[in-house]
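**Student:** the sequence and its predicted three-dimensional model are supplied below.
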Amino acid sequence: MSSDSDIEIDGNIFEEPEGYLPPPPEPTFETYTRDSKYVKDGQPANVRMRLVGKSPLWGHLLWNAGKVTADYMDLKRDEWITGKTVLELGAAAALPSLLASLTADNVVITDYPDPDLIDNINENVKLLRESVPNGAKLPITVEGYIWGNPVDDLLNAKNQNGRKFDLIILSDLIFNHSEHEKLIRTCDKCLAPDGKLFVVFTHHRPKLADKDLAFFPTAKEQAGFKSERIIEKKMTPMFEEEEETAHIRSMVYGYVVTR
């Protein structure tokens with residue numbers, strides 16, 4: 001019988017054999033086409049984006065809310081974007097921020113500091129820069145950020161110079177019910193006195209729609225924010241699920257939130 005000291009354990013005993021697991025999905029690409037009446041000389045009519053192959057944080061999809069956000073921002077560009085400072089939280093592919101950067105004074109794009117997500121946003125910034133004249137001058141900074149954490153790095157990001165933001169974009173984030181208070185805390189610390197939040201979302205889980213909407217009374221109680229619904233648009237549902245909820249999951253709503 002061998003003693004314990006005679007037993008040798010391979011340090012890789014719990015590793016899967018090479019080739020046992022399938023390779024992770026490859027990144028995909030999507031192109032967003034802008035309404036031609038908003039496209040100015042020197043601006044791209046189409047924005048091509050890379051999506052991560054798979055993400056536990058849902059960064060592998062171009063969400064309906066992101067498209068609706070982008071549409072409305074083009075519509076309100078002169079009032080909301082041009083010459084303004086813009087922050088996007090939970091940006092994923094960052095479509096709204098990419099469009100904002102065409103005329104904004106400064107844009108800070110953030111998502112959870114996962115290397116794949118942040119690298120992917122940087123790749124999309126690169127693709128945009130390559131599609132426009134003088135693209136290197138587009139005022140974009142990408143930062144990893146966890147909601148509710150100190151905001152010094154956001155306010156002091158490149159070209160932000162300590163300023164608070166005129167516009168903060170929350171596109172399809174409020175389904176994260178446990179994160180509402182953290183999101184609101186970050187927005188409260190980052191928003192300029194006369195700034196606005198643009199909150200766009202779909203009720204992906206219809207039975208929990210009331211918990212999605214709880215974001216707005218919580219924002220009022222926690223930070224004195226008032227909310228107004230300004231968008232109600234029907235889209236093709238993101239996921240094929242039970243037919244009886246398709247009419248709910250097809251809708252995209254947008255709210256403007258101010259102090």
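**Tutor:** Cool, got the structure.

**Student:** hey, what's Lys234 bridged with?
**Tutor:** For Lys234, the beta-bridge partners under DSSP bridges are Met251.

**Student:** where's it relative to Pro44, distance?
**Tutor:** According to C-beta to C-beta, to the nearest Å, Lys234 and Pro44 sit 27 Å apart. In short, each C-beta sits where N, CA and C put it, glycine included.

**Student:** the two: who's more crowded?
**Tutor:** Ranked by neighbour count (other C-beta atoms under 10 Å), Lys234 and Pro44 place Pro44 first, with 19 against 10.

**Student:** now do the contacts for the more buried one.
**Tutor:** 34, 128, 131-132 (C-beta atoms under 8 Å, 6 or more residues apart in numbering).

**Student:** for Ala65, same thing?
**Tutor:** 171-172, 200-202, 252.

**Student:** name the element it belongs to?
**Tutor:** helix 64-75 (DSSP states H and E).

**Student:** can you list the strands that the helix or strand just after that helix pairs with?
**Tutor:** Once helix 64-75 ends, the next helix or strand along the chain (criterion: DSSP H and E) is strand 85-89. Neighbouring strands of strand 85-89 in its sheet, by DSSP bridges, are strand 106-111 (parallel), strand 165-171 (parallel).

**Student:** Glu179: which of the contacts of Pro44 is nearest?
**Tutor:** Of all the contacts of Pro44, Glu179 sits closest to Leu128, with 28.0 Å by C-beta to C-beta.

**Student:** which residues of the stretch 101-250 of the chain fall in helices?
**Tutor:** Assigned by DSSP state H, counting those that start in this stretch, the stretch 101-250 of the chain shows helices spanning 115-131, 152-155, 180-190, 209-213, 215-223, 246-249.

**Student:** residue ranges in this structure under the pLDDT threshold?
**Tutor:** For the chain, the stretches with pLDDT under 70 are 1-24, 53-61, 238-244.

**Student:** re the thing from before, deepest-packed of the helices of the stretch 101-250 of the chain, please.
**Tutor:** helix 180-190 (a mean of 19; mean count of other C-beta atoms under 10 Å).

**Student:** CA atoms only for that helix, dumped as CSV, please.
**Tutor:** What follows is helix 180-190, C-alpha atoms only, in CSV (Å, rounded to 0.1, in the frame of the first residue of the first chain):
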residue,chain,number,x,y,z
HIS,A,180,-31.7,50.4,-10.2
GLU,A,181,-30.4,52.2,-7.2
LYS,A,182,-26.8,51.9,-8.4
LEU,A,183,-27.7,53.2,-11.8
ILE,A,184,-29.6,56.2,-10.3
ARG,A,185,-26.7,56.9,-7.9
THR,A,186,-24.3,57.1,-10.9
CYS,A,187,-26.7,59.2,-12.9
ASP,A,188,-27.3,61.6,-10.0
LYS,A,189,-23.5,62.1,-9.6
CYS,A,190,-22.8,62.5,-13.3
